[in-house]
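*Asks:* Return a 3D structure for these sequence lines:
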Amino acid sequence: MKQKGFVSEFKDVWILGGMRTPMVDYCGALGHVSPTDLGIKAARAALVKSGVPAQHIDSVIAGNMAPGDFDQFVLPRHIGLYAGVPQEVPAIMVQRICGTGFELFRQAGEQIQSGAADVALVVGTESMTRNPIAAFDHRTGFKLGAPVGFKDFMWEALKDPAPGINMIQTAENLAKKYGITREQVDAFASSSFAKAVAAQATGFHAGEIAPVVTENFELPGYAARGIKLPGKVTEVALDTHARVSPVEVLAKLRPVYEGGVQTGGNSAALVDAAAASIVASGSYARAQGKKPLARLVAAAAIGVPPEIMGIGPAPAIRLLLERTGLKLDDIGCFEINEAQGAQTLAVAKELGLNIRQLNVNGGAIAMGHPLAATGVRLTLTLARQMQASGVRYGISSACVGGGQGIALLLENPAYHA
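*Replies:* Next up, the predicted model:
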């Protein structure tokens, strides 16, 4: 019987370039910036980086999970318009939780392969700080003595009501299943921090970051938007969570659950950020004389049990390799989202990955996981690292709340005839 899940394969679809904002700690310098404006900033920077005029964009595909303001419904449309994309070009919102950024590329690839578009602007944006305190029960009023149902949207969204556990507990389930210890998780987290600090010091991360400043986004005939940084902050140019984090320091942190392996130090950091990329057909790239960043080869998505949702990248990657005829040894670089340390280690153990090929510039534990932006960030980082290290194939992947996995396969243009 054919394995469930689906794979999209692309013959002549290319990532021309992309940029992102810095990833800034929760309640930090970007905490008051709308995810729409973060997305506009990243989109404008991606267009400049790739040298693609906004007028050439045929489709805007944007992702955002938690509403950061009351105009979230028009977030994709406003990102396109304020980035300079023609009014006639449509925009769509995409949602696959932590896999949203990867899904943006998948949908862009399908639009381009079908001929619906030649060039797509993909943008993932997330303000974790501006996750709302929300209530869904009070449209009909407040009854005397009844509980007032306002809750923290972000905290409540971490819980999957089907198995009755939250995302951290799913990682604890994987730690038990795969025999992963607290010491191993802390060591992995410490390594993630060290790699991120090193990549920051060498300037690798700076190559994909558009510094954020206070600025206006004008759209003739319409209200201006913009970014205003707080206080005396004039520029934010670096990821703020990366820091030297020795194992001895991480070991002192209390686990989230008594006897568990996950702590605040070995789980993904909460950050605010946006990332954007330009995806185009080969015919467009060749006609415009563009040197692509990577070829988008294929995308795979698959479901897994909700109670071990973090294992999702393993079957997604297996499905991707099976349908494309490649082997694990053919893949030179992996970017797998570090939702939790135990979860990432479980995926590596299940697949038999060479840990030295995984997240070589640090991962979400050190840098952060801005939900809808993460897949775009990982994929851009992967493409850049593939070129830096000269490998042919790379895979970016993530687990998805509710029990899914998603993965993208990229090829280094240097190897493509």
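
*Asks:* residues touching Val400, list them.
*Replies:* 96-99, 309, 312, 406 (CB atoms under 8 Å, 6 or more residues apart in numbering). Every residue, glycine included, has its C-beta placed from N, CA and C.

*Asks:* I'd like those as TSV, with secondary structure, neighbour count and distance to Val236 appended.
*Replies:* Rendered in TSV, the data for those read as follows (DSSP: H, G, I helix; E, B strand; the rest coil; neighbours: other CB atoms under 10 Å; distance: CB to CB, whole Å):
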residue	secondary structure	neighbour count	distance to Val236
Arg96	coil	24	28
Ile97	helix	20	26
Cys98	helix	28	24
Gly99	helix	32	27
Met309	helix	28	32
Gly312	coil	31	32
Ile406	strand	31	29
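
*Asks:* Tell me the one among those nearest to Thr202.
*Replies:* Cys98 (27.7 Å; CB to CB).

*Asks:* ok, that closest one - contacts?
*Replies:* Contact criterion CB under 8 Å, 6+ apart gives 337, 339, 369, 371, 374-375, 398-401 as the residues in contact with Cys98.

*Asks:* Spell out which two among the residues you listed are the most distant pair, please.
*Replies:* Looking across these, with CB to CB as the criterion, the two at the greatest separation are Gly375 and Gly401, at 13.6 Å.

*Asks:* Who has more neighbours out of these two?
*Replies:* Between Gly375 and Gly401, Gly375 has the larger neighbour count (other CB atoms under 10 Å), namely 32 against 23.

*Asks:* Verify the stated contact: that one with Gln95.
*Replies:* No: taking contacts as CB atoms under 8 Å, Gly375 lies outside contact range of Gln95: 11.9 Å.

*Asks:* just for the stretch 101-250 of the chain, where's the confidence low?
*Replies:* Across the stretch 101-250 of the chain, nothing is flagged by pLDDT under 70.

*Asks:* how about the strands of it, start to end?
*Replies:* Assignment of strands within the stretch 101-250 of the chain using DSSP state E, counting those that start in this stretch yields the ranges 119-127, 133-134, 151-152, 159-160, 165-166, 212-213, 215-217, 225-227, 235-236.

*Asks:* Give the full set of residues in contact with the spatially most central residue of the chain.
*Replies:* With distances taken as CA atoms, centre = their mean, the chain has Thr374 as the residue nearest its mean C-alpha position (1.1 Å). If a contact means CB under 8 Å, 6+ apart, then Thr374 has 98, 100-101, 124, 126, 337, 364, 398 as its contacts.

*Asks:* what sits against the closest residue to Val400 other than its chain neighbours?
*Replies:* Nearest residue to Val400 in three dimensions, chain neighbours excluded: Gly99, at 4.3 Å (CB to CB, 6 or more residues apart in numbering). Contacts here follow CB under 8 Å, 6+ apart; on that basis Gly99 touches 301, 375, 398-400, 404-406.

*Asks:* Quick check: the gap between the residue nearest to Glu103 when sequence neighbours are not counted and Arg392.
*Replies:* Distances taken as CB to CB, 6+ apart put Arg96 closest to Glu103, at 4.3 Å, once the chain neighbours are dropped. Computed as CB to CB, to the nearest Å, the Arg96 to Arg392 distance reads 27 Å.

*Asks:* Show me where the stretch 251-400 of the chain has its helices.
*Replies:* Taking DSSP state H, counting those that start in this stretch as the criterion, the stretch 251-400 of the chain contains helices spanning 282-287, 313-324, 341-351, 364-367, 371-389.

*Asks:* from those helices, which stretch is densest packed?
*Replies:* Per-residue neighbour counts averaged over each of the helices of the stretch 251-400 of the chain give the maximum for helix 364-367, namely a mean of 30 (mean count of other CB atoms under 10 Å).

*Asks:* Return the distance of that helix from the chain's centre.
*Replies:* Between the centre of helix 364-367 and the centre of its host chain there is 12 Å, according to CA atoms, centre = their mean, to the nearest Å.

*Asks:* What segments of the stretch 101-250 of the chain are helices?
*Replies:* Assignment of helices within the stretch 101-250 of the chain using DSSP H, counting those that start in this stretch yields the ranges 153-157, 167-178, 182-202, 247-250.

*Asks:* so can I have TSV of these showing distance to Phe73 and mean neighbour count?
*Replies:* Rendered in TSV, the data for those read as follows (distance: least, CB to CB, whole Å; neighbours: other CB atoms under 10 Å):
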stretch	distance to Phe73	mean neighbour count
helix 153-157	16	15
helix 167-178	26	22
helix 182-202	35	20
helix 247-250	41	15
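
*Asks:* Of all these, which one is nearest Met19?
*Replies:* Met19 sits nearest to helix 182-202 of all those, at 16.2 Å, using CB to CB.

*Asks:* tell me which strands and helices the closest one is in contact with?
*Replies:* Contacts of helix 182-202 with other secondary structure elements, assessed using 3 or more CB pairs under 8 Å, 6 or more residues apart in numbering; DSSP states H and E, are made with helix 247-250, helix 341-351, helix 364-367.

*Asks:* Please tabulate those in a markdown table and include distance to Ile168 as additional columns.
*Replies:* Supplementary listing: the helices and strands packed on helix 182-202 in a markdown table, determined by distance: least, CB to CB, whole Å:
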| stretch | distance to Ile168 |
| --- | --- |
| helix 247-250 | 16 |
| helix 341-351 | 9 |
| helix 364-367 | 13 |
